[in-house]
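Enquirer: just to be clear, the model below is a prediction. Sequence and coordinates:
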Amino acid sequence: MGLLAGLRAYYTEFGFGGVSSIARFGLTGHPKRVRVQINGVKQPFTIRMRSSDHRVFHDIFQQHEYLFNPPEPPSTIIDAGANIGFASIYFANRWPNARIAAIEPDAANFELLVENTRPYPNIQPLQAAVWKENAKLDMFDPGTGSWGMQTMASADGRIDGLTLPEIMRRYDMPRVDVLKMDVEGAEREVFESCAGWIDRIGSLVIEIHEHLRPGAEASVMQAKGHFKEIYHKTGRAGTWYMLRERGLQPDLPQVCRGRILS
């Protein structure tokens, strides 16, 4: 991203405070992190400067990538690929009575996930990766940075790979009302063996990374027959929604800028 494009993006997302912060970072290397407040979100949270965090912020809080109407207000949510917590925070503010398991394998992301979700007792972070079996995994960067770390099986891996049934068991969730997945291609492996658990999922909200893992889309689409309402959002994330019942799609709220606190 060029200088002008970067300044324009930070202005769109955070106003003049964002422009000032990114300009200072460019000149001095500080601040490396800033606290952000946005209307409709009860607590401020931290983002990292010159990272993909601001794009994820834009997608979730300004483009409302995860705005949809499940058949009933959810009581259990799994956020698989929680990154630094934005989706979990979005869900916790919309559905404050839901229990949310936030699963993130990357250590740097997980550290900030824990910090950002600490004000929400209903969000429970777990450093792990969703996988097709319980196994050890390693992570690698395909060139996208902390936004797009991918997992691969490895006998001496340092990351716990867990199946969805195992995560549900650990969190005492016999059923998951909302499963959000953004796992950078690992959906291919996860959905290869979905027959044993897909009927325990109420609504599936998923980004499919066919360009990272060929075959990912075909693997996920095995689940289509278990849902009545299926639609796809165009845009950068290209999220798919699969719901048990048909319902009205919500109107997009007004876009709000974040406000830099420090």
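Expert: Noted; the coordinates are in hand.

Enquirer: for Arg257, give me its contacts.
Expert: Counting by CB atoms under 8 Å, 6 or more residues apart in numbering, Arg257 makes contact with Thr12, Glu13, Phe14, Gly15, Gly18, Ile38, Gln62. The way it works is simple: take the backbone N, C-alpha and C, and place the C-beta from them, glycine included.

Enquirer: check which helix or strand the first one maps to.
Expert: Under the criterion DSSP states H and E, the helix or strand holding Thr12 is helix 3-28.

Enquirer: what is the burial count for Thr234?
Expert: Neighbourhood size, Thr234 [other CB atoms under 10 Å]: 7.

Enquirer: sec struct for it, please.
Expert: Recorded secondary structure, Thr234: coil (DSSP: H, G, I helix; E, B strand; the rest coil).

Enquirer: in terms of pLDDT, where does it sit?
Expert: Thr234 carries a pLDDT score of 76 in this model.

Enquirer: and for Gly85?
Expert: Looking at Gly85, the pLDDT reads 98.

Enquirer: how much space between it and Arg213?
Expert: 24 Å (CB to CB, to the nearest Å).

Enquirer: Ala135 now?
Expert: 17 Å.

Enquirer: how about the strands in the chain?
Expert: 33-37, 45-48, 76-80, 99-103, 123-126, 129-130, 135-140, 150-153, 159-162, 176-181, 201-207, 229-232, 239-243, 259-260 (DSSP state E).

Enquirer: make JSON lines out of those and add mean neighbour count and distance to Ile22.
Expert: What follows is the strands of the chain, written out as JSON lines (neighbours: other CB atoms under 10 Å; distance: least, CB to CB, whole Å):
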{"stretch": "strand 33-37", "mean neighbour count": "19", "distance to Ile22": "9"}
{"stretch": "strand 45-48", "mean neighbour count": "21", "distance to Ile22": "11"}
{"stretch": "strand 76-80", "mean neighbour count": "25", "distance to Ile22": "28"}
{"stretch": "strand 99-103", "mean neighbour count": "25", "distance to Ile22": "27"}
{"stretch": "strand 123-126", "mean neighbour count": "20", "distance to Ile22": "28"}
{"stretch": "strand 129-130", "mean neighbour count": "26", "distance to Ile22": "31"}
{"stretch": "strand 135-140", "mean neighbour count": "16", "distance to Ile22": "28"}
{"stretch": "strand 150-153", "mean neighbour count": "18", "distance to Ile22": "28"}
{"stretch": "strand 159-162", "mean neighbour count": "22", "distance to Ile22": "32"}
{"stretch": "strand 176-181", "mean neighbour count": "24", "distance to Ile22": "29"}
{"stretch": "strand 201-207", "mean neighbour count": "23", "distance to Ile22": "26"}
{"stretch": "strand 229-232", "mean neighbour count": "14", "distance to Ile22": "33"}
{"stretch": "strand 239-243", "mean neighbour count": "21", "distance to Ile22": "27"}
{"stretch": "strand 259-260", "mean neighbour count": "19", "distance to Ile22": "10"}
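
Enquirer: and these, which one averages the lowest pLDDT?
Expert: Taking the mean pLDDT of the strands of the chain, strand 150-153 comes last: a mean of 76.

Enquirer: count the residues that sit near His253.
Expert: His isn't right for residue 253; it's Pro. 12.
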